[in-house]
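J.: quick one: sequence and predicted model below, then my questions.
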Amino acid sequence: MDATVVLVGVVIGIGIFGFPPLVAQHAASDAIYIALWCAGGLVMLVGALCYAELGSAYPGAGGEYLYLTRAWGPRVGLMFAWARCTVIQTGAIAVVAYIYGDYAQRLMPLGAYGTAAHAAISVVALTALNMVGTRYSKRLQWAFTLLTLVALGAVLVASLTATGDTAAPAAAPSPLAGNPAGLMGMGMVFVLLTYGGWNEAAYLSGELRDPDRNMSRVLLIGTAIVTGAYVLTNLALLELFGLQGLRDTPALGADVMQTAAGPYAAALLSLTICATALSTINGTIITGARVYYALGRDVPRLHALAGWSARSETPVAALLVQGVITLLLVGLGAVSQNSVQTLVAYTAPVFWLFMLLVAASVWRLRQRDPDRSRPFRVPLYPLPPLLLGLTCAGLVYSSAVYAGAGALIGLAVLAAGIPMLRWLKPARMPD
């Protein structure tokens, strides 16, 4: 249950308060809008099934690093570890830290660079908490995740109580210009950004009790909770605003609370979204440090990263290095015109490129390691990994073409790791 809470806390985060209007702008009708969210849940389920097979067959703290190394060799595994440490995980933490900073700045202004200051404080505080002990960060994760689900529940209640002047206008949505397939494709990009993070529980498989049985449970239960919450929340948003109203809503969370409870709910909204962001940051810090730990365990030159505190049950050195790199990216955001957009562009193409290789790893490992015990096997094989791979390929293209200069910076950082492959040659294959 702890791992399921981490998974739900990472996935259900800030995205649900920011991306629905962008999805609505690419949906021609209510039915298509809800279908996009259901399709996102289907992709998450397919991905979860693939991860359930990989996680149950290869339980360990390295997650995708372990799978990619076994499937494609140490060089690919090292490139992923480099990408995750410098681009994917640290960039994701910095993105959410900035979203947290935007709302925290409203509650407690800290000057011209207050958003960046709040973002940095959140990274430092939660990293320190995890270094003190996993049991404390797990308790905090439970609290933040439950508060996030309560916030989404409040949106559902608001849709049932919105009547009269507070009800959504009945105006029909305006027709959309452009190719319908292209519009739906872009809508799926935003939907899957909101579903992002469902793979994170794979990094906890080495610490699960009975991982052969529980890895699939964590991923499947987490998928059901997330998909149900998102579909119900978006049905509520349609009830409150209507599709056209949702398209025109610049600040979704604020408008929901204004509609349901009036202007005095603004401070409560900011507190709730701050807690939602902290939930995502904390869960991502927990899972992200496990890659640094696995890298230090397998690469002699990076052995210092494998330091594990028996007292606090955490990879202390890995948490510290992850925190430093994240703070550097927070600094990058501070000098950018649009911090969140720059950091999202920085991470997206690199993330989906390696996710494509993970999807192909399900097939590759069945070929290379046919005698390995697989307590959970992907049903309808090979359709789920094929579907996941095609989805990832489309997202690599979309994010590289449309994300802007930030995407090029992320790809350049990935390429910078290539000369390090010889120096960082691992001593052994991961367990």
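T.: The structure has been received and is ready for your questions.
J.: list the contacts of stretch 124-144.
T.: Residues outside stretch 124-144 that contact it (Cβ atoms under 8 Å, 6 or more residues apart in numbering) are 2, 5-6, 9, 275-276, 278-279, 281-283, 285-286, 289, 309, 311-314, 316, 319-320, 322-323, 326-327. Using the backbone N, CA and C atoms, a C-beta is placed for each residue, glycine as well.
J.: same check on stretch 356-371?
T.: Applying Cβ under 8 Å, 6+ apart, the contact partners of stretch 356-371 are 47, 50-51, 53-54, 57-58, 64, 67-68, 70-72, 76, 80, 199, 372, 378, 381-382, 384-386, 388-389, 392-393, 396.
J.: just the buried ones from the residues you listed?
T.: 47, 50-51, 53-54, 57-58, 64, 67-68, 70-72, 76, 80, 199, 378, 384-386, 388-389, 392, 396 (16 or more other Cβ atoms under 10 Å).
J.: now, which of those lie within helices?
T.: Members of those lying in helices (criterion: DSSP state H): 47, 50-51, 53-54, 57, 64, 67-68, 70-72, 76, 80, 384-386, 388-389, 392, 396.
J.: now do the helix or strand containing Ile285 against helix 64-72, angle only.
T.: Here Ile285, judged by DSSP states H and E, is contained in helix 266-298. Counting by axes from the mean of the first three to the mean of the last three Cα atoms, to 10 degrees, helix 266-298 lies at 40 degrees to helix 64-72.
J.: from the contact counts, what lies against the helix or strand just after helix 266-298?
T.: Sequence order places helix 316-334 as the next helix or strand after helix 266-298, per DSSP H and E. When contacts are defined as 3 or more Cβ pairs under 8 Å, 6 or more residues apart in numbering; DSSP states H and E, helix 316-334 sits against helix 89-107, helix 114-132, helix 266-298, helix 339-368.
J.: angle of helix 316-334 against helix 89-107?
T.: Using the same axes, to 10 degrees: helix 316-334 against helix 89-107 is 60 degrees.
J.: so for helix 316-334, what gets flagged as buried?
T.: 316-323, 325-327, 329-330, 332-334.
J.: contacting residues around the residue nearest to Gly40 when sequence neighbours are not counted?
T.: Among residues not flanking Gly40 along the chain, Val191 sits closest, at 3.9 Å (Cβ to Cβ, 6 or more residues apart in numbering). By Cβ under 8 Å, 6+ apart, the contact list for Val191 reads 19, 23, 36-37, 39-40.
J.: now, which of those lie within helices?
T.: Among the contacts of Val191, the members found in helices (DSSP H) are 23, 36-37, 39-40.
J.: between these, which is closest to Glu239?
T.: Ranked by distance to Glu239 (Cβ to Cβ), those are led by Trp37 at 14.4 Å.
J.: ok, Met184 touching His26?
T.: Yes - between Met184 and His26 there is a contact at 6.6 Å, judged by Cβ atoms under 8 Å.
J.: what do the two both touch?
T.: With Cβ under 8 Å, 6+ apart, Met184 and His26 have common neighbours Leu36.
J.: so between the two, which is more surrounded?
T.: Neighbour tally, Met184 and His26, criterion other Cβ atoms under 10 Å: the higher count belongs to His26, 23 against 18.
J.: let me know the helix or strand that that one is in.
T.: Using DSSP H and E, His26 sits in no helix or strand.
J.: find the nearest non-adjacent residue to it, please.
T.: Here the residue nearest His26, using Cβ to Cβ, 6+ apart, is Gly187, at 3.5 Å.
J.: and the gap between that neighbour and Pro379?
T.: 28 Å (Cβ to Cβ, to the nearest Å).
J.: repeat that for Val330.
T.: Distance from Val330 to Pro379, by Cβ to Cβ: 42 Å.
J.: how many residues are close by the closest residue to Val344 other than its chain neighbours?
T.: Nearest residue to Val344, sequence neighbours excluded (Cβ to Cβ, 6+ apart): Val95, at 5.7 Å. As a burial measure, Val95 scores 27 neighbours (other Cβ under 10 Å).
J.: separation between Val95 and Gly47?
T.: To Gly47, Val95 is 20 Å away according to Cβ to Cβ.
J.: where does the prediction get shaky in the stretch 101-250 of the chain?
T.: Scanning the stretch 101-250 of the chain for pLDDT under 70 picks out 133-138, 148, 151-152, 154-156, 158-174, 177-179, 181-182, 200-208, 211-212, 249-250.
J.: what ranges do the strands span in it?
T.: Applying DSSP state E, counting those that start in this stretch to the stretch 101-250 of the chain gives no strands.
J.: can you give me the helices for it?
T.: Assigned helices in the stretch 101-250 of the chain, in chain order: 114-132, 134-161, 180-194, 211-247 (criterion: DSSP state H, counting those that start in this stretch).
J.: the ones you listed: which one's closest to Gly410?
T.: helix 180-194 (15.1 Å).
J.: any idea of the angle the closest one forms with helix 339-368?
T.: 90 degrees.
J.: what residues sit buried inside helix 180-194?
T.: When burial is assessed from 16+ other Cβ under 10 Å, helix 180-194 yields the following buried residues: 183-184, 186-194.
J.: ok, stretch 103-116 next?
T.: Residues of stretch 103-116 classed as buried by neighbour count (16+ other Cβ under 10 Å): 103-106, 114-116.
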